[in-house]
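1. what follows is a protein structure lacking sequence information:
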């Protein structure tokens, strides 16, 4: 029983942590609960039940499958589902008509061939990277509806009735999801993307800030500073989530400071630059390993320009991140970048005077990258 | 019309390319077509139709949703779907019973509360990273089935009939998928993972091979060699696909040289090491930029040990990659690593004699990483 108790406490802590990390998760769960309850009761109340028949369960199914964490994802799935059902329904009725025209005997064969061709072609289409990213769900629903309609074995008049019912229930389900996800504590994929990119740049800045102290002054690890230093590791693998969010952000209407045609692709470019910078920081990080010894004397000589370089570039990154959050021009960042470029020159002079060790010139690279990032951002913020 | 024609040719070329890149995609499309046709006709043939009723469409639905590219993904979805339906069905009948016991008036309220609680809790559970990775689909199906069963408004006896029908049709659909995906040209996620990791290491080796020629002998870019050099960029972002494949690989039965309990997690570790190595190569790559000039004289002096280092480490990486493909002990790799360690020592001696420039010591790091990779691999191949 003790073992069980400790396990239980463990799970409870886990739940608390996930809830506290992002309280919107709890709200999202409640939103899904509300949407499902509304649709279920709608379907359950008898007068409506008689109107829609068994098709009412499609409303429930739609809500469960379509409701996602961000508004963009919900919209994209709802619209995909709606359009695919419509298109596949129309094609399905056509296919069914064709099969019936052939006569009793050939019917099954024609149907089999049609289903086979449509299924194989659609599945192949799903391998196209562009379609995979945006319309994957739509294609799945297309195959599904087409098969169900052609093979259902109903007469055509019945089919129209059925299609009408099913479409209206799907619309009810999808509309419930869209309304709730947009108007009750919305989580915008665009906003998320914006924050993610800004916080990634912030993390790089934090690292550079910490690096200087640790490398030149051999400061002791404190728990807090260590987590600041480790932050950049998340940046390394942020590509997939950035791309999916940019995809969802396209589907969203204008919100907050973002218009409908906000240049989401620019965020991907900034993200890529931030990642490149993170790769360099990862390499730089190896030199914090105490096993790699460098001559102390040499370290002292280059300390000044290096410190300046890293502090100016972290200030520049911070300024960029803040101005992104406030959606203003990063004018102060420009000054810091100028300063850091100047520091690079200083370092070169210092290096010419003395004999060289290998380590610190690496710090140049982030600075160069920062300059590149800045250019991109000035374009995209404008 | 010309514009249309060129667009058409463009699309055709795209289709050809996707098919040629991986012919298994075409085969997969055909497999899905066959599975759907079988299930559809099964559902269409009248005698069976009378047996299963409308529930037959669940077989079609299952096939469309469950059939994935790799065996592991198909199995994982099928089993998730089956178990979730069973569990949710049982709970749903219980919930329905409870609601009926309360009496006509409170029924709707009790049902609403039950649906709300279950939906909110399940949605929250989906945020747990572990459950997200492995049982996400199962939880969705669980919510879906539970809602449909509790709210259906049937009497309990009818419910059992319905549940029986639905479960058997789902089993038919899932079994068709599983059999076809396992026995007709199977694509094993485990094998894919194995190949991916091995080819990633190969790409790193290619880069190091090309780097030496380009850096020290300033060889001209040929198209071919350029693509070899660019190969490592794919390694940088391979994390997501490696993780999902390792997840699917767990569900697969033993196949080829892999047993049921193959240590898939080891591949993730090797993958991480390969990525760390790729980050370093990314940094190294910046020095190929002709704008960064280094003194030629100095370059000559360190050329010999550096060439040795990079050639030995690319040989070591190649040996590791080949021995992974053949599933043997990487014994030759050990020799190359010893050699490259020796080359590091040589470089150190050379550096002590002359004054230093910053660039080339970077090549040390891949070698150190290689040593680490090797250790891991010897463990996992055993």
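-> That came in fine, so what should we check first? What you see is a predicted model; the values in this text were computed from it and never measured.

2. who's in contact with the residue of the stretch 101-250 of chain A found nearest chain B?
-> As assessed by C-beta to the nearest C-beta, chain B sits closest to residue A:120 within the stretch 101-250 of chain A, at 3.5 Å. For glycine as for every other residue, the C-beta is placed from the backbone atoms N, C-alpha and C. Contact criterion C-beta atoms under 8 Å, 6 or more residues apart in numbering or on different chains gives B:29-30, B:32-33 as the residues in contact with residue A:120.

3. and those near chain A, which?
-> B:29-30, B:32-33 (C-beta under 8 Å from any C-beta of the partner chain).

4. who are the packing partners of the helix or strand containing residue A:265?
-> Remark: residue A:265 resides in helix A:264-286, with elements defined by DSSP states H and E. Using 3 or more C-beta pairs under 8 Å, 6 or more residues apart in numbering or on different chains; DSSP states H and E, the elements in contact with helix A:264-286 are helix A:189-217, helix A:232-236, helix A:239-249, helix A:364-381, helix B:264-286.

5. can you pull the buried residues of the helix or strand harbouring residue A:35?
-> Here residue A:35 sits within helix A:24-44, counting by DSSP H and E. For helix A:24-44, burial by neighbour count (16 or more other C-beta atoms under 10 Å in any protein chain shown) applies to A:24-26, A:28-44.

6. out of these, which are close to chain B?
-> A:25-26, A:28-30, A:32-34, A:36-37, A:40-41, A:43-44.

7. leaving out sequence neighbours, find the closest residue to residue A:61.
-> residue B:144 (6.2 Å; C-beta to C-beta, 6 or more residues apart in numbering or on different chains).

8. could you look up the SS state of that neighbour?
-> When classified by DSSP: H, G, I helix; E, B strand; the rest coil, residue B:144 comes out as helix.

9. what do you get for the one 3 residues further on?
-> Following three-state DSSP, residue B:147 is assigned to helix.

10. residues in contact with the closest residue to it other than its chain neighbours?
-> Closest residue to residue B:147 apart from its sequence neighbours, by C-beta to C-beta, 6+ apart: residue A:60 at 5.0 Å. Applying C-beta under 8 Å, 6+ apart, we find residue A:60 in contact with A:36, A:39-40, A:43, A:173, B:144, B:147-148, B:151.

11. element containing residue A:60, please.
-> helix A:57-66.

12. pLDDT on that helix, on average?
-> Computed over helix A:57-66, the mean pLDDT rounds to 81.

13. one more: stretch A:176-188?
-> 83.

14. repeat for stretch A:240-254
-> On average, stretch A:240-254 scores 80.

15. just stretch A:88-101 next, same as before
-> 82.

16. hmm, who's touching that stretch?
-> Contact with stretch A:88-101 is made by A:106-107, A:110-111, A:114, A:118, A:141-150, A:152, A:156, A:159-160, A:163, A:166-167, as judged by C-beta under 8 Å, 6+ apart.

17. switch to 6 Å and redo it
-> Residues outside stretch A:88-101 that contact it (C-beta atoms under 6 Å, 6 or more residues apart in numbering or on different chains): A:107, A:110-111, A:114, A:142, A:145-146, A:149-150, A:159, A:163.

18. tell me where the model's unsure across chain A.
-> A:1-2, A:45-56, A:152-157, A:211-230, A:256-257, A:259-261, A:280, A:282-310, A:312-313, A:327-382 (pLDDT under 70).

19. residues from it in reach of chain B?
-> Neighbours of chain B within chain A, by C-beta under 6 Å from any C-beta of the partner chain: A:18, A:25, A:29-30, A:32-33, A:36-37, A:40-41, A:43-44, A:57, A:60, A:64, A:112, A:115-116, A:119-120, A:123-124, A:127, A:143-144, A:147-148, A:151, A:237, A:239-240, A:279-280, A:282-283, A:355-356, A:358, A:361.
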